[in-house]
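> what shape does this take:
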Amino acid sequence: MTFWEFSACVDGWNRAQGSGHTHSGDPLTDDEYDALCALGERWNDGRS
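Model prediction:
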C-alpha cells in the first residue's frame, strides 16, 4: 500500500468515526503511552 492510499484510509476512518483532522483530547501521558505499546505488543504476539 502506498503512503497516499494509507492516508486515504486514515482520513476515511476518521470521518466514519465522526472526527476530522483535529485532535481535541489531551496528549497521552508517558504511562498511557507505555500501556498502549504493551497492548500492541500483546496483540502482535497473539497474531504470530
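
> which stretches of the protein form helices?
For the chain, applying DSSP state H gives helices covering 3-16, 30-47.

> dump the ones you listed into a markdown table; add mean neighbour count and mean pLDDT as well.
Quick note: C-beta positions are derived from backbone N, CA and C, even for glycine. Formatted as a markdown table, the helices of the chain follow (neighbours: other C-beta atoms under 10 Å; pLDDT from 0 to 100):
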| stretch | mean neighbour count | mean pLDDT |
| --- | --- | --- |
| helix 3-16 | 10 | 87 |
| helix 30-47 | 9 | 87 |
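
> and the most centrally placed residue in the chain, how far from residue 42?
Nearest to the geometric centre of the chain sits residue 10, at 9.0 Å (C-alpha atoms, centre = their mean). When distance is defined by C-beta to C-beta, to the nearest Å, residue 10 is 23 Å away from residue 42.
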